[in-house]
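Q: Sequence and predicted model, in that order:
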Amino acid sequence: MFPAREHREYPHRYRLEAGKCKKCGKIFFPHRLICSECGHREFEKVILPDTGKLLTFSVIRVAPSQFVDQAPYAIGIAELTNGVRLLAQVADCDVDSLKVGMEVRIEFRRIQTDGHAGVLSYGYKFVPKWY
Amino acid sequence: MRDVAVVGIGINKWGELWEKSFRDIYVEAALAAINDAGVDHLDSMIIGCMSGGLFVGQEHLGSLMADYLGQKHLAASRVESACASGGLAFRHAFIEVASGISDIVMAAGVEKMTDVSGDGATYALATAADQEYEVFHGATFPGLYALMATAHMHKYGTTRDMLSAVAVKNHFNGSMNPFAQYPFKVTKEEVNDSVMVASPLRILDCSPITDGAAAVILTTVDIAKKLGKPIIKVIGSGHATDSIALHQRPDITTLKATTVAAEKAFKMANKKITDINFAEVHDCFTIAEIIVTESLGIFPAGKGGEAALKGETGLEGRFPINTSGGLKSKGHPVGATGVAQIVEVVKQLRGTAENGRQLKKQPKIGMAQNMGGSGGSTLVHILEVA
């Protein structure tokens, strides 16, 4: 991870900013410059909802070096209440109790620490809903 | 468009080839293909390689490989489409010959993956996924295919034993392939009990890290006749892409790029799936083979696992898949895989597959499906004995 790359993604990762096509209404996360549904090129900024359901998941036991300290950890794809899908880690859970269809919400967390460039990276993780 | 045939094939023993260099394994396979074809020159060469840069710190492969192959000033290009780089090299070679730009073209794939650490290889492979929105969060390649597997199991009831059946079958076929990295059999119990990598995928669900190369020579059917080799025509070529990120696809239990690439190849060949006798497909993970056989239309959606369990994809089955041992047993040097699939299809069509894996009922039409990343790109080729 490099500082410029990290900085560039702040709006999406820190504030869940997405782009909504002004013509067909499809929401893209991260934002795009052209709509892959209708080809339109104008978007408005929308903030993603912070709740959704787990569509699928896996528990990673053989992890890349930046994530070794966290293993075993779960990753999953969740569909948010507005239909947008995200991939993220599933935190604060017993990894053996995850289920497809489980409700999750998005929380702001530290994602990884890069020893090479010394960058701390933050972003979103899914947390099973407990309320 | 001119009719194109494959007249030469070359492959070397795959594995952890620490004693051999990147350039040498490429040249070994290339020379084997040139010898097999009996051609006296090449007009052009297309090299499929996913990441010479990250695996061995070497780019500019057109110049390097042409030089070490003793081809002064040859037109040589490198193409990249992650694990589908080999299939893409084959397609570009096909296009060059078919268009009339060149008469004799070599498509060769190469990857040297064991010169870096396991973590280095994981990093290089992960560049085929969405860096900012998948890899950033800790997704690995086994992890991405595991997401597909969990979803497939949830939607269709695919089971652990169905995944294992793919590994057992491919290792059985690979045990007869003298070029395979892991030419040994495995049992269902061994797969079921092997180390968990990314649930539900275990280590014996995964293809290995491999050094290897493969090469084929394409030319016009007219020149092929003069060379006196069995004429294996390329009758269909299809290429399609999908979103690089898995979570941006509407359905992750199917591989749309594979379906579309196959449709394009069938249209060009004027064939349908029931005309095909066997296929080499991209089984980087056991779940991949199951989903690919469904996406190609060999089996209905959700029935690929059951078909594998019942032996329908075995050497004696209704639709043999991965007679070579597939990526699982033969190995998966990412840039070379797509070309090696063509090597196996040609061997089967010539009736020269080694040991006991030659199909008993001599096949006439074979297919190769090679994909990159978690299915973000796919190449499908159909070959027929002329």
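A: Great, that's in hand. Residues are numbered from 1 along each chain as shown, chains lettered A, B, ... in the order given.

Q: C-alpha from now on. contacts and neighbour counts both.
A: OK.

Q: In contact with whichever residue of chain A sits closest to chain B, which residues?
A: Nearest to chain B, among the residues of chain A, is A:Ile60, at 4.3 Å (Cα to the nearest Cα). Residues in contact with A:Ile60, defined by Cα atoms under 8 Å, 6 or more residues apart in numbering or on different chains, are A:71-75, B:139-140, B:143, B:197-199.

Q: just the buried members of these?
A: Buried subset of the contacts of A:Ile60 (neighbour count, 16 or more other Cα atoms under 10 Å in any protein chain shown): A:73-75, B:139-140, B:143, B:197-199.

Q: Next, format the residues you listed as CSV and append secondary structure and pLDDT.
A: As requested, the buried ones among the contacts of A:Ile60 are exported to CSV (DSSP: H, G, I helix; E, B strand; the rest coil; pLDDT from 0 to 100):
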residue, secondary structure, pLDDT
A:Tyr73, strand, 98
A:Ala74, strand, 98
A:Ile75, strand, 98
B:Ala139, coil, 97
B:Thr140, coil, 95
B:Gly143, helix, 97
B:Val197, strand, 97
B:Ala198, strand, 98
B:Ser199, coil, 97
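
Q: that older thread, and which of the contacts of A:Ile60 is nearest B:Ala288?
A: B:Gly143 (12.4 Å; Cα to Cα).

Q: In contact with residue 48, which residues?
A: I'll assume chain A. A:Leu48 neighbours (Cα under 8 Å, 6+ apart): A:16-18, A:80, A:82.

Q: Not quite, go with chain B.
A: Contacts of B:Gly48 by Cα under 8 Å, 6+ apart are B:78-80, B:85-89, B:107-110, B:335-336.

Q: Dig out what it forms beta bridges with.
A: B:Val79, B:Gly109 (DSSP bridges).

Q: And the helices in the stretch 1-150 of chain B?
A: B:22-37, B:52-56, B:61-68, B:85-99, B:118-126, B:141-156 (DSSP state H, counting those that start in this stretch).

Q: The stretch 201-350 of chain B now?
A: Counting by DSSP H, counting those that start in this stretch, the stretch 201-350 of chain B has helices at residues B:221-227, B:256-269, B:286-295, B:304-309, B:326-330, B:337-350.

Q: Buried deepest among the ones you listed, which one?
A: Ranked by average neighbour count under the criterion mean count of other Cα atoms under 10 Å in any protein chain shown, these are headed by helix B:326-330 at a mean of 31.

Q: who does that one touch, helix- and strand-wise?
A: helix B:160-174 (3 or more Cα pairs under 8 Å, 6 or more residues apart in numbering or on different chains; DSSP states H and E).

Q: and with 10 Å instead?
A: helix B:160-174, helix B:286-295, helix B:337-350 (3 or more Cα pairs under 10 Å, 6 or more residues apart in numbering or on different chains; DSSP states H and E).

Q: Now for residue 15, how many residues are close by?
A: Let's take chain A. Residues lying near A:Arg15 (other Cα atoms under 10 Å in any protein chain shown) number 14.

Q: that's the wrong chain, I meant chain B
A: 22.

Q: And for A:Asp96?
A: For A:Asp96, using other Cα under 10 Å, the count is 10.

Q: residue contacts, it?
A: Each residue near A:Asp96 by Cα atoms under 10 Å, 6 or more residues apart in numbering or on different chains is listed here: A:58-59, A:74, B:199.

Q: quick one: the residue nearest to B:Ala121 when sequence neighbours are not counted and B:Leu54, what's the gap?
A: Counting by Cα to Cα, 6 or more residues apart in numbering or on different chains, the nearest residue to B:Ala121 once its immediate chain neighbours are dropped is B:Met113, at 6.5 Å. Between B:Met113 and B:Leu54 the distance is 9 Å, computed by Cα to Cα, to the nearest Å.

Q: so what's the closest residue to chain A within the stretch 201-350 of chain B scoring on pLDDT?
A: Residue nearest to chain A within the stretch 201-350 of chain B: B:His247 (5.8 Å; Cα to the nearest Cα). On pLDDT, B:His247 comes in at 97.

Q: Across the sheet, point out what pairs with B:Ala5.
A: Beta-bridge partners of B:Ala5, as defined by DSSP bridges: B:Thr219, B:Lys233.

Q: Might you report the residue contacts of it?
A: B:94, B:97-98, B:217-225, B:229-235, B:383-386.

Q: which of those residues count as buried?
A: B:94, B:97-98, B:217-221, B:223-224, B:229-235, B:383-385.

Q: Kindly report the residues of the stretch 1-150 of chain B close to chain A.
A: Residues of the stretch 1-150 of chain B lying close to chain A by Cα under 10 Å from any Cα of the partner chain are B:118-123, B:126, B:131-140, B:142-150.

Q: from those residues, which would you call buried?
A: For the residues of the stretch 1-150 of chain B next to chain A, buried by 16+ other Cα under 10 Å: B:120-123, B:126, B:131, B:133-140, B:142-150.

Q: Any idea how many residues pack against B:Gly297?
A: Neighbours of B:Gly297 (other Cα under 10 Å): 18.

Q: And for it, nearest residue in space, chain neighbours not counted?
A: B:Ile273 (6.7 Å).

Q: try B:Phe22
A: Per Cα to Cα, 6+ apart, closest to B:Phe22 is B:Lys112, 5.6 Å.

Q: Could I get the pLDDT score of A:Pro3?
A: For A:Pro3, pLDDT reads 81.

Q: Please apply the same query to B:Ser85.
A: 98.

Q: what does A:Lys45 give?
A: For A:Lys45, pLDDT reads 97.

Q: residues of whatever helix or strand it lives in that come out buried?
A: Assigned by DSSP states H and E, A:Lys45 belongs to strand A:43-47. For strand A:43-47, the neighbour count (16+ other Cα under 10 Å) marks A:Phe43 as buried.

Q: Lowest average confidence across helices and strands of chain A, where is it?
A: helix A:3-8 (a mean of 86; mean pLDDT, DSSP states H and E).

Q: Run through who's touching that one.
A: A:13, A:117-122, B:132.

Q: Just give the number of residues close to B:Glu189.
A: Neighbours of B:Glu189 (other Cα under 10 Å): 11.

Q: Near the closest residue to B:Cys206 other than its chain neighbours, how many other residues are there?
A: Nearest residue to B:Cys206 in three dimensions, chain neighbours excluded: B:Phe285, at 4.7 Å (Cα to Cα, 6+ apart). Applying other Cα under 10 Å, we find 26 residues neighbouring B:Phe285.

Q: show me what contacts B:Phe285?
A: Contacts of B:Phe285 (Cα under 10 Å, 6+ apart): B:141-142, B:145-146, B:149, B:163, B:166-167, B:201-208, B:327-328.

Q: biggest strand in chain A, by residue count?
A: Criterion DSSP state E: the longest strand present in chain A is strand A:103-114.

Q: List the buried residues for that one?
A: Buried, per 16+ other Cα under 10 Å, within strand A:103-114: A:103-106, A:111-112.

Q: Select from the helices of the stretch 1-150 of chain B the stretch with the lowest mean pLDDT.
A: Among these, helix B:118-126 scores lowest, with a mean of 91.

Q: now the angle from that one to helix B:141-156?
A: Compare the direction of helix B:118-126 with that of helix B:141-156 by axes from the mean of the first three to the mean of the last three Cα atoms, to 10 degrees and you get 60 degrees.

Q: What is the burial count for the residue of the stretch 201-350 of chain B closest to chain A?
A: Neighbour tally, B:His247, other Cα under 10 Å: 24.
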